[in-house]
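Participant: Prediction below, plus the sequence it came from.
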Amino acid sequence: MGKDEQGLAASSERYAVVPRTLCFILSPEGDDVLLLKGAPTKRIWPERYNGIGGHVEPGEDVYSAAVREVREETGLSVRDVRLRGVINIPVEDRQGIIVFVFAARAASRQVTPSDEGTLEWVPRGRLASLDLVDDLPALIPRTLDVPPDASPFFGLYTYDEADQLVIQWVTP
């Protein structure tokens with residue numbers, strides 16, 4: 001199959017997405033999750049806690065992108081990297097974001113600071129007291145509290161008239 005057979009040229013009026021990854025990393029002993037408190041200068045979610053992730057680059061598969069983003073933002077090597085879910089986020093009429101959500105386990109707790117923000121190992125019981133990105137209270141347990149062989153979940157994030165996040169989950 002050649003590139004032309006992918007039909008991209010005829011798809012300019014179709015919905016297009018920007019692919020991103022998001023990874024929730026457990027400590028080696030599995031008690032804590034590594035979160036990034038966004039730098040005050042970040043364009044999105046400054047000073048809010050989120051998982052580790054970013055954009056998928058051209059020529060890169062989503063798994064490699066997740067591992068690369070973890071390494072770039074934390075300096076960590078991770079193991080047991082598992083796709084846990086895929087979330088579609090339509091933002092404009094024909095443009096959106098698709099997020100590939102992963103869980104992983106860190107080889108150590110030793111992180112390397114980055115310009116993205118402050119890295120913090122957070123006990124799971126303390127998550128509710130943090131200023132988390134809006135979807136994390138629902139997303140973290142859906143990602144981490146499942147058996148290793150669980151099927152991935154699927155999500156759709158939309159926004160209501162007041163621009164509030166509305167989450168819909170599908171688990172096959």
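Facilitator: Received the coordinates, thanks.
Participant: From here on, just use CA atoms for contacts and neighbour counts.
Facilitator: OK.
Participant: is it true that V86 touches F154?
Facilitator: Yes. Counting by C-alpha atoms under 8 Å, V86 does reach F154; the two are 5.0 Å apart.
Participant: What residues sit buried inside stretch 60-72?
Facilitator: V62, Y63, A65, A66, V67, R68, E69, V70, R71, E72 (16 or more other C-alpha atoms under 10 Å).
Participant: do you know how far T112 is from D163?
Facilitator: From T112 over to D163 the distance is 36 Å, taken as C-alpha to C-alpha, to the nearest Å.
Participant: Of the two, which one has the most company?
Facilitator: With neighbours defined as other C-alpha atoms under 10 Å, T112 and D163 compare such that T112 has more, 13 against 8.
Participant: In contact with R105, which residues?
Facilitator: Each residue near R105 by C-alpha atoms under 8 Å, 6 or more residues apart in numbering is listed here: I25, L26, S27, P28, G30, V78, R79, D80, V81.
Participant: so where does the most centrally placed residue in the chain fall, helix or strand?
Facilitator: Most central in the chain under C-alpha atoms, centre = their mean is L22, positioned 1.7 Å from the mean C-alpha point. Taking DSSP states H and E as the criterion, L22 maps to strand 16-26.
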